[in-house]
Structure formats: C-alpha cells, structure tokens
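J.: coords please:
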Amino acid sequence: MQREAPPSAENGEAADSRQDQKEEREQEWEQELERSLKSRTVEVSAGGFHGRMVSLWELLFSKYVSEAKRQELLGKVRARSLELDELARLLSVLVQEAVQRSSTVKFTGLRRQVTASDLLDSGIIDKDTLADLVQGSKTVQEVTEMASVKRYLDGTGCIAGVLVPSKTDPAKMEKMTIYQAMWKGILRQGTALVLLEAQAATGFLVDPLANKKLSVDEAVSCGLVGSELHEKLLSAERAVTGYTDPYTGDQISLFQAMQKDLIVKEHGVRLLEAQIATGGIIDPVHSHRLPVEVAYRRGYFDQEMNQILCDPSDDTKGFFDPNTHENLTYMQLLRRCVPDPDTGLYFLKVFRK
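T.: Model prediction:
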C-alpha cells in the first residue's frame, strides 16, 4: 500500500502565502471602509451635534449607538447588503430617536429629575445601558438598582443617628437622632452640629427613627432639628443645591465656592470629604454624584484637594469620636458605625459617661 507523500514545503509556503494575501485584502478592505465612513458626512441636529456635518464613522461610534447595533450595521456594510446612503439615513433616524428617548427617560436625582442622557455624559451608565433604556429592554427601576448607578443617585449612606445603652436596661441599645443626643447631653453641641452638617451636605437630613430623608426646611418644620440650627444647616445644604456665584449669578459646586472664598476652607474640606465618603462629589447643577474623573473634568475637584483628602492631617480630620476623643475623617468615623438590620442606616454607638 502506497503512502501519500507528505505535503511539500512549497505547498505549505503557497498556502501561507494565500492566507497572507487574504488577510492583506481584508485589511485593505477594512481600511477602505473606514476611509469611506470618515469621508461620508451627514447633517445631524440632535444631541450634541447641533446641526453640524458629522461623519458616519463618528455617528457609529457615538454614545447613541450601542456596540451590538454598531456591529450589526457594519456587518451589513461589509456584506454589501447595506449601501452608505441607506446607512446614513438609518444612523440619522437612530440618533434622532435615541436623543429624544434618552431625554424623556428620567431618574430621581437629589433634588430634581435626571435624564438618562445626563447619566451617560457623567459616566454613570454606558452606551449599552442607554440603548437598553431607550429600546425598553431595561426599566428605570432596574437601572437605578444597579450598584454602580445607585451610589451616584442615592449615595452609600451617611451617619444617620446614634445608639446609646438604655438607662432601664444597659444591655439594650436605644436609637436616637443626632439632635436628640445633643439635647440629652450625649453628644457635644459642636460634635452634633458637624454630623448634621455632613447629613445636609450629602443629600438630606435623616430621621433614623422613621427612616425618612428630609430637606433642611422640612426637618426644621417637623422638629427633627431645632430652628437655632436652621441657617447653619441651610449653608451646608448648599453643597447639594449649589452656591450662587456673586459675580455671575451661576450655580456653582462646593469646591468652586471654596476656590472663590465663599466658604471657609476647613469647613468646605469637611463637607467635601463627607460627600466623597458617601458615594461621590455632588454636582449641584445636575443633582447627582459624580465619578472622581468626571468631577475633575467639570472643575468640581482637583489634584491638590485630592491629595489633602487622601493624606489627611489633623487640620482636615473634622469629625470627633465621642468615645475615644479622637479627631477623625468622616470615612474613619463612618467605619466605626453599625448598620441597622432593618433599614440599613448607619448608627454611631455612643457609650454614656
């Protein structure tokens, strides 16, 4: 029985050469396709394009087109079943619809509604999540519950109240609001004030007994805090609602207010550190928290301030542990708290003297 001769080296080289040529042709075709898509433009009035001429390439890779949709359209162009004229028409319609829907899909922000488009611009959701929302395959509720989104819309929780041993049964812990603890002499007035200011500056004052979040005005009206603290807490709340630039009338952030000397630096550092410890710096214009890199970009934070907060000195440790008498950062004090098993709110245990 004759054996087949092994393939000659020449045959192998020929196959390799054909493969190389095929890959080269495919590469040339991809480069030609990219050039065509970059040179072909269409006028787009929706979104951030403002009526300018935009290349099909830019539209395909814009925030309005998901990865899956982009691959589907490119696949059709590569298979020559979709002409560039038709691609231009489809992309124009797609972007127009995505812009309209993304501005109507609303989330609950700290003080006002936030559009899905804004969350995308802030790096809180990605293009695919926006596409899912626009197409209805994901609901606002589902996206809100995503951990990566929830921290920027709701925060991760502040120091809500205190736990103290019960007078009648010291083995049991009694829940108190921070204001109650101050009036009962369990917390010093200064300690209580900075904790309440941190609550106001991170979103809302908290009624830990009723598990409610309230604005400063609401909290004073219902007696959660006394009217003697009203002005100081309103000032801290501006870290959420925004400070007014006296020169331009614009709404500006806590950090920007510090830069313009509208707020004392030590006070501002304390509130800023509390925001970061509870989920991120608050953008008062858009009414939600921001990832650090976006805060840098919007001028709500800088490297110098980041360094101050990353390497805290006694000057920037603005919070007092009533048990150990240490000066701490908000994050350090928050880590000493215990979460309530029913509400998830954080309580600081304070032992009576």
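
J.: gap between the nearest residue in space to residue 112 that is not next to it in sequence and residue 119?
T.: Once flanking residues are discounted, residue 112 sits nearest to residue 287: 4.8 Å by Cβ to Cβ, 6 or more residues apart in numbering. The C-beta positions use only the backbone N, C-alpha and C, and glycine is treated the same way. In this view, residue 287 and residue 119 are 11 Å apart by Cβ to Cβ, to the nearest Å.

J.: Between these two, point out the one with more neighbours.
T.: For residue 287 versus residue 119, neighbours defined as other Cβ atoms under 10 Å are more numerous around residue 119 (25 against 20).

J.: wait, doesn't the more buried one sit right on residue 107?
T.: Yes: in this structure residue 119 lies within contact range of residue 107 using Cβ atoms under 8 Å: 6.6 Å.

J.: okay, and the common contacts of the two?
T.: Residues touching both residue 119 and residue 107 (Cβ atoms under 8 Å, 6 or more residues apart in numbering) are residue 288.

J.: Against residue 89, how distant is residue 71?
T.: Residue 71 is 19 Å from residue 89, by Cβ to Cβ.

J.: What are the contacting residues of stretch 78-98?
T.: Identification of contacts with stretch 78-98 by Cβ under 8 Å, 6+ apart yields 29, 33, 36-37, 40, 42, 44, 46-47, 49, 56, 59-60, 62, 64-65, 69, 73, 76-77, 130-131, 134.

J.: Same check on stretch 245-253?
T.: 239, 242-244, 256, 260, 262, 281-285, 298-300.

J.: which of these are buried?
T.: Buried subset of the contacts of stretch 245-253 (neighbour count, 16 or more other Cβ atoms under 10 Å): 239, 242, 243, 256, 262, 281, 282, 283, 284, 298, 300.

J.: Next step: these restricted to strands.
T.: In strands, defined here by DSSP state E, the members of those are 243, 281, 282, 283.

J.: Let me have the residues you listed in TSV, adding pLDDT and distance to residue 191 as columns.
T.: Listed next are those as TSV, based on pLDDT from 0 to 100; distance: Cβ to Cβ, whole Å:
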residue	pLDDT	distance to residue 191
243	95	25
281	94	24
282	95	23
283	95	29
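
J.: which one of those is nearest residue 22?
T.: For these, the closest approach to residue 22 (Cβ to Cβ) belongs to residue 283, at 51.4 Å.

J.: residues touching that closest one, list them.
T.: 122, 253, 289, 290, 295, 298, 300.

J.: What is the nearest of the residues you listed to residue 211?
T.: Using Cβ to Cβ, those come closest to residue 211 at residue 289, 21.0 Å.

J.: Now the helix or strand hosting that closest one: average pLDDT?
T.: Per DSSP states H and E, residue 289 falls inside strand 288-290. For strand 288-290, the mean pLDDT works out to 95.

J.: Against which helices or strands is it packed?
T.: helix 147-153, strand 281-283 (3 or more Cβ pairs under 8 Å, 6 or more residues apart in numbering; DSSP states H and E).

J.: immediately after the first one, which helix or strand?
T.: When you say that, I think you mean helix 147-153. Proceeding N to C from helix 147-153, the next assigned helix or strand is strand 159-165, under DSSP H and E.

J.: Check which residues of that following strand are buried.
T.: Within strand 159-165, the residues that qualify as buried are 159, 160, 161, 162, 163, 164, counting by 16+ other Cβ under 10 Å.

J.: Need the CA coordinates for it. CSV is fine.
T.: In CSV, the C-alpha atoms belonging to strand 159-165 read as follows (Å, rounded to 0.1, in the frame of the first residue of the first chain):
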residue,chain,number,x,y,z
ILE,A,159,-24.1,58.7,59.8
ALA,A,160,-27.9,58.8,60.4
GLY,A,161,-28.1,58.6,64.2
VAL,A,162,-26.6,57.3,67.4
LEU,A,163,-27.1,54.2,69.5
VAL,A,164,-26.8,54.5,73.3
PRO,A,165,-27.2,52.0,76.1
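
J.: distance between it and the chain's centre?
T.: Chain-centre distance of strand 159-165: 28 Å, with Cα atoms, centre = their mean, to the nearest Å.

J.: List the contacts of it.
T.: Here strand 159-165 makes contact (Cβ under 8 Å, 6+ apart) with 171-178, 181, 186-187, 195, 198-199, 206, 208-209, 330, 333-334, 337-338, 340, 345-352.

J.: If anything else comes up later, I'll come back, but that's it for now.
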